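**Student:** need coordinates for the below:
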Amino acid sequence: MGVTAPSDARPRGARLPRLQRRKQLLAAAQEVFVAQGYHAAAMDEIAERAGVSKPVLYQHFPGKLELYLALLEQHSESLVEKQREALESTDDNRQRVTASFQGYFDFVSGEGEAFRLVFESDLRNLPAVREKTEQTLQRCAELIGEVIRQDTSISDDEANLLSIALVGMAETSARYWISNYGSIPKDAAEKLVARLAWRGISGWDLTRS
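**Tutor:** Take a look at the predicted model:
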């Protein structure tokens with residue numbers, strides 16, 4: 001009697017263009033990393049989930065760490081881009097605050113739980129991973145800090161500190177919300193936390209509201 005492949009393994013198909021194959025492999029790796037964590041994940045399982053042989057997987061990624069770093073890069077860039085789009089979506093600062101928090105809530109509620117690779121990595125002790133996660137936080141904070149510097153009378157150092165605080169608030173509240181998914185509707189949760197942030201930041205003299 002033959003062995004039946006797991007139901008979540010994808011059937012092996014025709015040869016794909018390199019970029020399409022890479023995207024397929026990253027999607028499979030994300031599923032395995034999110035479900036099992038980095039250390040418990042195996043290249044065998046990732047290849048099986050993608051419906052390819054291990055040699056094909058190794059053609060694209062020489063090891064498990066390279067796969068993880070590629071995913072971390074992809075989703076870190078996604079989060080930074082969400083913040084950039086939020087801040088550029090309007091000149092109204094109250095709406096900017098709401099849009100910025102919405103970006104974080106959108107990120108944690110995105111398909112595939114990619115946020116866990118950025119915010120809950122079990123590899124933060126590795127310099128490459130720690131550097132990337134810290135860089136992502138810093139880039140988001142810099143985007144927010146630039147708006148604060150432009151639209152308030154506070155100093156650069158104060159703007160930097162406030163932007164780091166707002167990013168931390170957005171990340172922590174979004175992660176808490178997703179861990180208690182359903183207790184508060186997403187739209188209500190975004191507006192609740194954004195309202196708290198706005199009541200704080202609007203206490204400074206604004207050049208425009």
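**Student:** which stretches of this structure have low pLDDT?
**Tutor:** 1-14, 182, 205-209 (pLDDT under 70).
**Student:** ok, D92 - how many residues close by?
**Tutor:** As a burial measure, D92 scores 12 neighbours (other CB atoms under 10 Å). Every residue, glycine included, has its C-beta placed from N, CA and C.
**Student:** now do A197
**Tutor:** 20.
**Student:** so which residues of the protein form strands?
**Tutor:** Ranges of strands in the chain, per DSSP state E: none exist.
**Student:** where exactly do the helices run in it?
**Tutor:** For the chain, the helices defined by DSSP state H cover 18-36, 43-50, 54-60, 64-88, 93-108, 115-119, 127-151, 156-179, 186-201.
**Student:** got the contact list for the nearest residue to F115 once chain neighbours are set aside?
**Tutor:** With CB to CB, 6 or more residues apart in numbering as the criterion, F115 has its nearest non-adjacent residue at 4.4 Å, and that residue is V108. Listed by CB atoms under 8 Å, 6 or more residues apart in numbering, the contact set of V108 reads F115, F119, A174, R175, W177, I178.
**Student:** F105 is in contact with the third one, correct?
**Tutor:** Yes: distance between A174 and F105: 5.0 Å, which falls inside the contact criterion (CB atoms under 8 Å).
**Student:** neighbour count: these two, which is higher?
**Tutor:** Counting neighbours by other CB under 10 Å for A174 and for F105 shows that A174 has the greater number, 25 against 22.
**Student:** contacts only, for the more buried one.
**Tutor:** F101, Y104, F105, F107, V108, F115.
**Student:** what's the local residue count around the closest residue to I144 other than its chain neighbours?
**Tutor:** Leaving out its chain neighbours, the residue that sits closest to I144 by CB to CB, 6+ apart is S163, at 4.1 Å. For S163, the neighbour count with other CB under 10 Å is 22.
**Student:** surely E31 is in contact with E45?
**Tutor:** No: E31 lies out of contact with E45 (CB under 8 Å); the separation is 9.5 Å.
**Student:** who are the neighbours in contact with F61?
**Tutor:** Here F61 is in contact with L25, L67, A70 (criterion: CB under 8 Å, 6+ apart).
**Student:** out of these, who's nearest L192?
**Tutor:** Of all the contacts of F61, L192 sits closest to A70, with 35.2 Å by CB to CB.
**Student:** distance check, the closest one against I184.
**Tutor:** Separation of A70 from I184 (CB to CB, to the nearest Å): 34 Å.
**Student:** then D91?
**Tutor:** For D91, the distance to I184 - CB to CB - is 29 Å.
**Student:** wait, T136 touches E73, no?
**Tutor:** No: applying CB under 8 Å, one finds T136 not in contact with E73, separated by 9.5 Å.
**Student:** who's more crowded, the two?
**Tutor:** Counted by other CB under 10 Å, T136 and E73 do not tie: T136 has more neighbours, with 22 against 12.
**Student:** what's near enough to touch the more buried one?
**Tutor:** S76, L79, V80, V118.
**Student:** and it, how far from L72?
**Tutor:** With CB to CB as the criterion, T136 and L72 are 9 Å apart.
**Student:** repeat that for R18.
**Tutor:** 21 Å.
**Student:** of the two, who's got more company?
**Tutor:** Ranked by neighbour count (other CB under 10 Å), R18 and L72 place L72 first, with 21 against 10.
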